[in-house]
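> Provide a 3D model corresponding to the input given below.
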Amino acid sequence: MPVPWFLLSLALGRSPVVLSLERLVGPQDATHCSPGLSCRLWDSDILCLPGDIVPAPGPVLAPTHLQTELVLRCQKETDCDLCLRVAVHLAVHGHWEEPEDEEKFGGAADSGVEEPRNASLQAQVVLSFQAYPTARCVLLEVQVPAALVQFGQSVGSVVYDCFEAALGSEVRIWSYTQPRYEKELNHTQQLPALPWLNVSADGDNVHLVLNVSEEQHFGLSLYWNQVQGPPKPRWHKNLTGPQIITLNHTDLVPCLCIQVWPLEPDSVRTNICPFREDPRAHQNLWQAARLRLLTLQSWLLDAPCSLPAEAALCWRAPGGDPCQPLVPPLSWENVTVDVNSSEKLQLQECLWADSLGPLKDDVLLLETRGPQDNRSLCALEPSGCTSLPSKASTRAARLGEYLLQDLQSGQCLQLWDDDLGALWACPMDKYIHKRWALVWLACLLFAAALSLILLLKKDHAKGWLRLLKQDVRSGAAARGRAALLLYSADDSGFERLVGALASALCQLPLRVAVDLWSRRELSAQGPVAWFHAQRRQTLQEGGVVVLLFSPGAVALCSEWLQDGVSGPGAHGPHDAFRASLSCVLPDFLQGRAPGSYVGACFDRLLHPDAVPALFRTVPVFTLPSQLPDFLGALQQPRAPRSGRLQERAEQVSRALQPALDSYFHPPGTPAPGRGVGPGAGPGAGDGT
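Modelled structure (predicted):
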């Protein structure tokens with residue numbers, strides 16, 4: 001990167017030495033060597049693999065000393081990069097082995113040895129460079145004529161031009177031959193840094209102190225440095241010196257880096273990452289890390305920085321401890337993902353608890369296989385893994401013989417299998433039903449006796465049943481069915497349209513939940529936690545989840561279906577639709593959506609065919625043209641279709657029409673052309 005002269009003066013000092021740095025013209029690397037030696041630089045870099053030390057077959061060339069020098073690589077007269085030149089000094093090590101019996105072989109032996117002793121020596125010298133975040137290795141071929149080969153004496157040097165590095169960086173250099181006959185040489189070179197950026201700590205705050213003159217304009221950027229992929233920018237400003245920037249300690253993560261540069265053409269940018277070893281930064285990183293479920297058998301660890309961690313599956317009883325290790329792939333309610341770093345547990349989450357519906361009263365049997373086809377079985381319980389059969393007092397031990405019979409008869413579901421063992425899920429509901437058989441029999445006898453008494457007093461019973469039926473109907477009407485409304489916040493106008501629809505539905509026997517009315521809870525819990533709680537409560541109460549599709553929602557769903565994740569920053573901070581996709585998609589992929597989900601879109605904004613095919617497995621209605629069918633789908637599954645359905649549809653349409661007119665025809669402006677997007681329906685954007 002071109003370096004302005006005044007910056008080099010700042011970095012290297014104001015002495016005339018700055019102007020005496022040698023300039024290299026052109027972008028290509030080069031090599032030259034001492035008089036009498038010949039050398040060549042390979043065209044491309046090589047892999048940095050030193051290999052093991054091997055015995056020398058005779059005299060060999062070996063690096064003895066590394067010498068570095070700062071030079072300038074210039075594209076133009078004043079646009080230069082700081083570059084590191086390395087000189088490798090070489091010497092002849094080793095010796096020729098004398099023949100065991102010169103007299104026996106006579107002249108033949110002499111002629112056979114004389115030829116290699118008078119031959120030239122060749123060597124392949126490797127230079128390895130490391131300067132965070134880059135590393136490279138180059139190969140130099142060197143040849144020494146026979147006249148200069150003197151055992152134990154230096155034969156000259158080979159010079160490499162040159163390795164580019166940023167101001168303030170630390171460059172580590174290794175040199176060895178290929179193959180390697182001796183231990184490699186190493187050298188560390190600290191490049192001069194710009195003196196106007198310092199980092200200091202003050203309690204819970206961190207100060208970035210920039211000692212820049214008042215007339216100096218510069219740019220400051222904070223970013224997350226990524227091992228894979230481009231850096232993620234976090235903050236950027238153009239400032240005038242001097243400045244003190246204050247950061248909260250909770251914002252620190254190990255990959256948080258600072259970039260500073262003067263606002264001048266072709267200026268050098270100084271990068272420092274001062275928090276890589278900060279304990280607070282590592283603690284914040286794990287606090288920000290999250291596990292997200294992609295499918296039933298895959299998950300994603302999401303964190304600001306790259307994490308050296310190991311993830312493993314284990315089984316833990318609800319509310320129990322410890323977590324017992326298992327081998328993937330598994331998908332069960334009590335299966336937990338453990339994330340460990342440096343042999344320390346950092347995260348433990350049961351991701352599948354909300355994706356498989358209500359908890360089943362099953363028991364997990366762990367089968368362990370040994371040599372000679374020996375196998376043992378144990379049942380996973382809160383107290384541990386109970387061997388079967390067993391005389392313990394646990395529930396699985398009491399039913400051990402029945403569970404083994406169910407396993408042999410094929411009534412258990414196999415979740416995982418390999419050469420070392422297997423995991424089975426065996427149902428327990430039939431054994432629990434047997435314990436309650438007598439209770440149910442007593443209840444039936446009581447109900448029969450009560451019916452007999454009511455028949456004897458038929459007239460009084462009719463009146464009582466009539467009153468009871470009226471109370472039940474009035475209570476059901478007052479309570480209504482729960483409906484969770486999900487949408488993508490494309491813009492403020494669309495949010496007002498969603499609010500009008502939700503308010504209109506509340507006038508019916510429906511209990512509507514939407515994030516517009518729960519902003520305080522949404523901010524406190526976060527979109528993911530808020531949605532999970534609302535979705536679980538809605539489905540447990542037999543309610544329905546309404547997916548309101550718009551061009552933005554369709555684009556977000558398509559991106560999820562293609563990549564498994566959504567683009568960062570694509571939606572607002574309160575967008576529950578974006579947070580909901582991690583749990584909505586598994587319901588559709590596994591066929592649990594029909595009966596619990598309904599889709600909808602507005603007539604002039606989106607055509608139903610634009611909705612991804614996966615979501616069209618449930619009814620998708622256009623509003624307001626299909627309002628009667630939409631309201632019918634929102635009723636209880638077994639509720640009779642009311643004759644007032646058309647009247648209620650007209651009521652909702654009247655309440656919704658002002659919001660639709662305001663959205664598609666804002667006051668005082670022509671038709672805004674909304675609906676121009678993926679799959680916009682007929683008439684979108686023409687206002688007709």
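> leaving out chain neighbours, which residue sits closest to residue 256?
residue 275 (5.3 Å; Cβ to Cβ, 6 or more residues apart in numbering). No exception for glycine: its C-beta is placed from N, CA and C like everyone else's.
> residues contacting that neighbour?
Residue 275 sits next to 252-254, 256, 281 when contact means Cβ atoms under 8 Å, 6 or more residues apart in numbering.
> which SS class is it?
coil (DSSP: H, G, I helix; E, B strand; the rest coil).
> and what of residue 614?
At residue 614 the chain is in helix, as set by three-state DSSP.
> number of nearby residues for it?
Counted with other Cβ atoms under 10 Å, the neighbours of residue 614 add up to 14.
> the stretch 151-300 of the chain: helices as residue ranges?
Secondary structure of the stretch 151-300 of the chain by DSSP state H, counting those that start in this stretch: the helices cover 279-288.
> sorry, that was for the stretch 1-150 of the chain
5-12, 102-105, 107-117.
> hmm, back to that, ok, which pair from the contacts of residue 275 is furthest apart?
The most widely separated members of the contacts of residue 275, counting by Cβ to Cβ, are 252 and 254 (8.2 Å).
> shared neighbours, these two?
275, 278, 281.
> export those residues to TSV and tack on distance to residue 147 and pLDDT?
Formatted as TSV, the shared contacts of residue 252 and residue 254 follow (distance: Cβ to Cβ, whole Å; pLDDT from 0 to 100):
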residue	distance to residue 147	pLDDT
275	57	83
278	58	83
281	60	86
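> turn these into TSV, including distance to residue 400.
Shown next, in TSV, are those (distance: Cβ to Cβ, whole Å):
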residue	distance to residue 400
275	55
278	54
281	51
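> how near is the residue nearest to the spatial centre of the chain to residue 285?
Nearest to the geometric centre of the chain sits residue 302, at 3.3 Å (Cα atoms, centre = their mean). From residue 302 across to residue 285, the span is 12 Å (Cβ to Cβ, to the nearest Å).
> ok, residue 451 next?
Residue 451 is 67 Å from residue 285, by Cβ to Cβ.
> list the buried residues of stretch 536-549.
The neighbour-count check on stretch 536-549 (16 or more other Cβ atoms under 10 Å) flags 538-539, 543-549 as buried.
> re the thing from before, how far away is the residue nearest to residue 256 from residue 224?
From residue 275 to residue 224 the distance is 11 Å (Cβ to Cβ).
> residues shared between the contacts of the two?
Contacts common to residue 275 and residue 224, judged by Cβ under 8 Å, 6+ apart, are 253, 256.
> can you give me the strands for the stretch 201-350 of the chain?
Counting by DSSP state E, counting those that start in this stretch, the stretch 201-350 of the chain has strands at residues 205-210, 217-224, 232-240, 243-248, 256-262, 270-272, 290-295, 298-302, 310-315, 324-326, 335-341, 344-349.
> strand partners (parallel or antiparallel) of the third one?
Think strand 232-240. strand 217-224 (antiparallel) (DSSP bridges).
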